[in-house]
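**Student:** Sequence and predicted structure, then a few things I'm wondering about:
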Amino acid sequence: MGDVQAFGELFRQHRADVTRLVHRLLGGRGDIEDVVQEVFLQVHRSLKDFHFGSRFSTWLYRVTVNVVLMQMRQARRRAVLVGGPGVL
(Lines give C-alpha, C1' and ligand atoms only; values in the text may rest on other atoms or scores of the structure.)
Protein backbone atom coordinates (compact mmCIF):
# COMPACT_ATOMS: atom_id res chain seq x y z
CA MET A 1 0.00 0.00 0.00
CA GLY A 2 2.98 2.30 0.41
CA ASP A 3 4.36 4.40 3.23
CA VAL A 4 1.53 6.44 4.76
CA GLN A 5 3.89 8.89 6.48
CA ALA A 6 5.81 9.52 3.25
CA PHE A 7 2.58 10.19 1.37
CA GLY A 8 1.45 12.53 4.15
CA GLU A 9 4.68 14.46 3.79
CA LEU A 10 4.25 14.57 0.02
CA PHE A 11 0.75 15.98 0.56
CA ARG A 12 1.99 18.61 3.03
CA GLN A 13 4.81 19.71 0.73
CA HIS A 14 2.74 20.05 -2.43
CA ARG A 15 -0.83 20.84 -1.30
CA ALA A 16 -0.45 24.63 -1.52
CA ASP A 17 1.02 24.47 -5.04
CA VAL A 18 -1.72 22.10 -6.23
CA THR A 19 -4.40 24.31 -4.66
CA ARG A 20 -3.05 27.41 -6.42
CA LEU A 21 -2.92 25.60 -9.76
CA VAL A 22 -6.45 24.21 -9.39
CA HIS A 23 -7.75 27.66 -8.44
CA ARG A 24 -6.02 29.21 -11.45
CA LEU A 25 -7.36 26.55 -13.83
CA LEU A 26 -10.91 26.65 -12.51
CA GLY A 27 -11.01 30.42 -12.19
CA GLY A 28 -12.70 30.23 -8.82
CA ARG A 29 -15.49 27.96 -10.10
CA GLY A 30 -16.30 24.72 -8.39
CA ASP A 31 -15.20 23.31 -5.09
CA ILE A 32 -11.44 23.67 -5.19
CA GLU A 33 -10.82 21.53 -2.11
CA ASP A 34 -12.74 18.61 -3.64
CA VAL A 35 -10.62 18.83 -6.79
CA VAL A 36 -7.39 19.03 -4.75
CA GLN A 37 -8.48 15.93 -2.85
CA GLU A 38 -9.18 14.16 -6.15
CA VAL A 39 -5.71 15.16 -7.41
CA PHE A 40 -4.03 13.53 -4.41
CA LEU A 41 -6.20 10.43 -4.72
CA GLN A 42 -5.05 10.17 -8.33
CA VAL A 43 -1.44 10.75 -7.26
CA HIS A 44 -1.76 7.92 -4.74
CA ARG A 45 -3.21 5.58 -7.38
CA SER A 46 -0.65 6.56 -10.04
CA LEU A 47 2.53 6.94 -8.01
CA LYS A 48 3.68 3.52 -9.21
CA ASP A 49 3.70 4.96 -12.76
CA PHE A 50 5.99 7.87 -11.87
CA HIS A 51 9.38 7.63 -13.56
CA PHE A 52 11.96 8.68 -11.00
CA GLY A 53 14.20 10.08 -13.73
CA SER A 54 11.66 12.89 -14.15
CA ARG A 55 10.92 15.83 -11.88
CA PHE A 56 8.09 15.05 -9.49
CA SER A 57 6.72 18.59 -9.75
CA THR A 58 6.31 18.25 -13.53
CA TRP A 59 4.48 14.95 -13.14
CA LEU A 60 2.28 16.39 -10.37
CA TYR A 61 1.44 19.38 -12.59
CA ARG A 62 0.31 17.03 -15.37
CA VAL A 63 -1.79 14.91 -12.98
CA THR A 64 -3.41 18.08 -11.63
CA VAL A 65 -4.24 19.42 -15.09
CA ASN A 66 -5.71 16.06 -16.11
CA VAL A 67 -7.91 15.87 -13.02
CA VAL A 68 -9.15 19.45 -13.55
CA LEU A 69 -9.96 18.73 -17.21
CA MET A 70 -11.82 15.59 -16.19
CA GLN A 71 -13.81 17.56 -13.58
CA MET A 72 -14.66 20.24 -16.16
CA ARG A 73 -15.88 17.60 -18.64
CA GLN A 74 -18.04 16.00 -15.99
CA ALA A 75 -19.50 19.38 -15.03
CA ARG A 76 -20.38 20.10 -18.68
CA ARG A 77 -22.13 16.74 -18.97
CA ARG A 78 -24.13 17.36 -15.80
CA ALA A 79 -25.17 20.79 -17.05
CA VAL A 80 -26.48 19.29 -20.30
CA LEU A 81 -28.39 16.59 -18.47
CA VAL A 82 -29.98 19.05 -16.05
CA GLY A 83 -31.07 21.42 -18.80
CA GLY A 84 -31.96 18.76 -21.34
CA PRO A 85 -35.32 18.23 -23.06
CA GLY A 86 -38.26 17.11 -20.96
CA VAL A 87 -37.05 18.85 -17.82
CA LEU A 88 -39.79 20.77 -16.06
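**Tutor:** Structure received.
**Student:** Just the element for residue 33, please.
**Tutor:** Per DSSP states H and E: residue 33 is located in helix 32-46.
**Student:** If we go by neighbour counts, what in the helix or strand just after that helix is buried?
**Tutor:** With elements assigned by DSSP H and E, the helix or strand that comes after helix 32-46 is helix 56-82. Residues 59, 60, 63, 64, 67, 68, 71 are the ones in helix 56-82 that count as buried (16 or more other Cβ atoms under 10 Å). Bear in mind the C-beta positions are built from the backbone N, C-alpha and C, glycine included.
**Student:** cool, and stretch 36-46?
**Tutor:** Buried, per 16+ other Cβ under 10 Å, within stretch 36-46: 36, 38, 39, 40, 42, 43.
**Student:** who's in contact with that stretch?
**Tutor:** Here stretch 36-46 makes contact (Cβ atoms under 8 Å, 6 or more residues apart in numbering) with 2, 7, 10-11, 15, 18-19, 22, 60, 63-64, 66-67, 71.
**Student:** do that again at 10 Å, thanks
**Tutor:** The contact list for stretch 36-46, computed with Cβ atoms under 10 Å, 6 or more residues apart in numbering, reads 1-2, 7, 10-11, 14-16, 18-23, 31, 50, 56, 59-60, 63-68, 70-71.
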